[in-house]
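Asks: What would the 3D arrangement of this be:
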Amino acid sequence: MERSRPRARRTLVTLLTAAALAASGTTALSSAARAADADLARNGGFETGLDGWTCTAGATVTSPVRSGTAALKATPAGADHARCAQTVTVKPDSPYTLTGHVRGAYVYLGASGTGTTDVSAWTQSAPDWQRLTTTFRTGPTTTKVTIYTHGWYGTGAYHADDISLTGPGGEAGQPPAVPGGLTAGSVTSSSVGLSWSPVPGATGYAVYRDGARVRTVIGTSTTLTGLSPSTAYAFQVAAVNDAGESARSAAVTATTAEGPGGGGSDLPAHALVGYLHASFANGSGYTRMADVPDSWDVIDLAFGEPTSVTSGDIRFERCPVAECPNVESDAEFKAAIKAKQAAGKKVLISIGGQNGQVRLTTTAARDTFVSSVSKIIDEYGLDGLDIDFEGHSLSLDADDTDFRNPKTPVIVHLISALKTLKGRYGDDFVLTMAPETFFVQLGYQYYGTGKWGGQDPRAGAYLPVIHALRDDLTLLHVQDYNSGPIMGLDNQYHSMGGADFHIAMTDMLLTGFPVAGDAGKVFPPLRPDQVAVGMPASTNAGNGHVSPAEVTKALNCLTRKTDCGAYATHGTWPALRGLMTWSINWDRYSNWEFQRNFDAYFG
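Replies: Numbers count the residues shown, from 1 in each chain. Just a heads-up that it's a prediction; the model follows:
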């Protein structure tokens with residue numbers, strides 16, 4: 001997995017220039033325009049709590065208030081400037097005035113997504129209620145604008161009240177109809193599968209468990225995880241569009257099965273796996289654990305790295321404030337991990353990455369690896385471990401020619417270390433691997449240095465590790481990116497850039513293949529529930545990115561045997577576990593394109 005170079009940040013001069021232009025461009029609205037204006041802000045006086053608002057650190061209070069019985073109080077903490085925002089439907093190419101009353105030190109009121117120049121007003125100090133106002137004109141195609149208020153890093157709490165956005169109202173439309181046909185399908189000890197009939201005009205569906213909203217999905221099915229064994233639950237679903245949410249459907253009840261699931265058995269039938277930049281920042285920006293959407297079922301913390309290549313001593317250092325200004329505290333990070341786990345998600349420490357070379361050349365390094373990784377898992381309360389060894393971490397000695405009986409110390413010691421960790425934490429321990437194609441599928445042609453020497457000793461070097469741990473392995477998600485052409489089971493070379501590459505590479509894992517062309521040494525197929533397809537989230541994330549349409553083609557071919565193109569798969573695997581991507585941060589940077597496509601396909 002790559003750490004990309006940070007993108008250039010806008011300078012202070014650029015920001016001040018934009019602010020000056022916004023100020024100079026404001027004009028008084030005509031009396032005719034004002035006559036048609038309406039206040040579009042919802043609950044601008046905070047009389048109904050935070051209804052309509054999304055706040056990072058806000059609550060309503062009864063004193064001090066400017067009018068009515070309530071006001072907003074929001075408290076910046078650390079790198080969080082306590083932003084509260086709501087999205088409002090507006091009319092394109094129209095003038096608007098944003099007004100609010102605030103008190104406190106460094107309080108901002110602004111609008112973003114205007115389609116022209118985003119604007120804000122602020123005060124450095126307001127010991128009593130002070131009016132802030134700013135104006136803007138929407139762009140020719142703008143139908144949504146976000147209004148917000150926030151404080152500033154390191155300052156005290158601020159208050160806001162009577163926020164209004166006046167201007168022409170947009171076409172809000174009507175909420176969709178109530179969904180019908182809600183049924184409970186597959187049930188395990190910790191999950192229930194739900195499906196319902198589509199509703200015309202709906203852009204998504206809100207799923208409720210025992211009266212509480214727990215998930216929003218695009219499709220008409222989903223699997224709720226993290227449930228307790230032998231427990232009855234009541235489920236409802238409502239349809240959603242820009243105009244709002246429908247009434248909830250009639251409730252459907254389901255009772256989970258007895259007994260806890262294993263490390264992989266309590267994952268949803270189709271899982272979304274992503275890497276979270278937890279120890280560094282790059283052009284994608286830092287994403288807090290609490291801000292990772294509910295769609296992500298397995299979250300891999302990138303990365304744990306060794307103190308030296310051969311020490312086996314793995315350390316996990318969270319991103320420093322100097323590099324990640326919005327990084328949460330350790331206490332907040334750990335609390336967010338627990339919240340994800342309570343929602344049925346798995347959070348793992350990923351070892352290695354592009355910069356983390358790990359070679360367990362000795363038994364001492366092996367034992368240090370086990371103890372240091374255990375320390376990380378215990379400190380953060382993690383569910384398991386992801387092995388993302390790249391570069392020269394794994395290679396085969398010249399006399400190591402059989403993946404079923406490895407001899408190379410770095411291979412043997414890694415296998416031993418992982419089995420020890422699995423034994424220490426039990427069946428619930430989640431073990432995943434993210435090798436590159438060079439270390440897996442290339443093994444169809446080449447294995448190690450070869451019979452006559454001269455080959456790259458890393459070729460196929462993950463195969464003995466995967467094979468030895470196949471009964472303990474929760475997920476294998478090969479990185480189908482940053483790869484050269486690889487020969488598939490059709491004896492044709494396949495290259496990145498389309499569905500074909502993912503189909504051919506995944507077919508090899510689910511069909512099995514002779515290693516280095518030796519019919520006597522066949523790498524057996526993995527179960528489909530052990531396999532996820534690895535893809536980059538965007539063009540920024542890595543070479544080999546494919547469009548959502550190509551992702552869908554690959555999934556259709558592998559799970560339904562449609563849209564297969566020229567490559568003929570050796571089976572159909574509807575139980576394919578899902579998708580992995582590098583990375584959650586890059587997907588957020590790209591407006592969640594990868595996640596949205598997964599949700600639309602699997603629900």
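Asks: pLDDT below threshold where in the chain?
Replies: For the chain, applying pLDDT under 70 flags the ranges 2-36, 78-79, 171-173, 225-228, 258-265.
Asks: Which parts of it are helices?
Replies: With DSSP state H, the ranges of helices along the chain come out as 12-24, 31-36, 330-342, 363-380, 409-425, 463-468, 499-511, 548-560, 584-589, 593-602.
Asks: Quick check: which of those is buried the most?
Replies: Compared across these, helix 584-589 shows the largest average neighbour count, a mean of 26 (mean count of other Cβ atoms under 10 Å). All C-beta atoms are positioned from the backbone trio N, CA, C, and that covers glycine.
Asks: ends of stretch 256-270, how far apart?
Replies: 18 Å (Cα to Cα, to the nearest Å).
Asks: Between the helices of the chain, which one is closest to residue 301.
Replies: Nearest to residue 301 among those is helix 363-380; the distance by Cβ to Cβ comes to 7.9 Å.
Asks: Using CSV, write out every CA atom in the closest one.
Replies: Extracted in CSV, the C-alpha atoms of helix 363-380 (Å, rounded to 0.1, in the frame of the first residue of the first chain):
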residue,chain,number,x,y,z
THR,A,363,13.4,-17.3,16.4
ALA,A,364,14.1,-14.3,18.6
ALA,A,365,12.6,-12.0,16.0
ARG,A,366,9.6,-14.4,15.7
ASP,A,367,9.0,-14.2,19.4
THR,A,368,9.4,-10.5,19.6
PHE,A,369,6.9,-10.2,16.7
VAL,A,370,4.3,-12.1,18.7
SER,A,371,4.8,-10.2,21.9
SER,A,372,4.9,-6.7,20.2
VAL,A,373,1.9,-7.4,18.0
SER,A,374,0.0,-8.7,21.0
LYS,A,375,0.8,-5.5,22.9
ILE,A,376,-0.8,-3.4,20.2
ILE,A,377,-3.8,-5.6,19.9
ASP,A,378,-4.4,-5.5,23.7
GLU,A,379,-3.7,-1.8,24.1
TYR,A,380,-6.3,-0.8,21.5
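Asks: Return the angle between stretch directions for that helix and helix 330-342.
Replies: Put simply, helix 363-380 runs at 90 degrees to helix 330-342, going by axes from the mean of the first three to the mean of the last three Cα atoms, to 10 degrees.
Asks: re earlier: out of the helices of the chain, which gets nearest to residue 1?
Replies: The nearest among these, by Cβ to Cβ, is helix 584-589 at 10.3 Å.
Asks: Tell me which other helices or strands that closest one touches.
Replies: Packing partners of helix 584-589 (3 or more Cβ pairs under 8 Å, 6 or more residues apart in numbering; DSSP states H and E): strand 271-277, helix 593-602.
Asks: These into CSV, with extra columns for distance to residue 468?
Replies: Formatted as CSV, the helices and strands packed on helix 584-589 follow (distance: least, Cβ to Cβ, whole Å):
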stretch, distance to residue 468
strand 271-277, 22
helix 593-602, 31
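Asks: which one of those lies closest to residue 345?
Replies: The closest of the helices and strands packed on helix 584-589 to residue 345 is strand 271-277. By Cβ to Cβ, the value is 9.7 Å.
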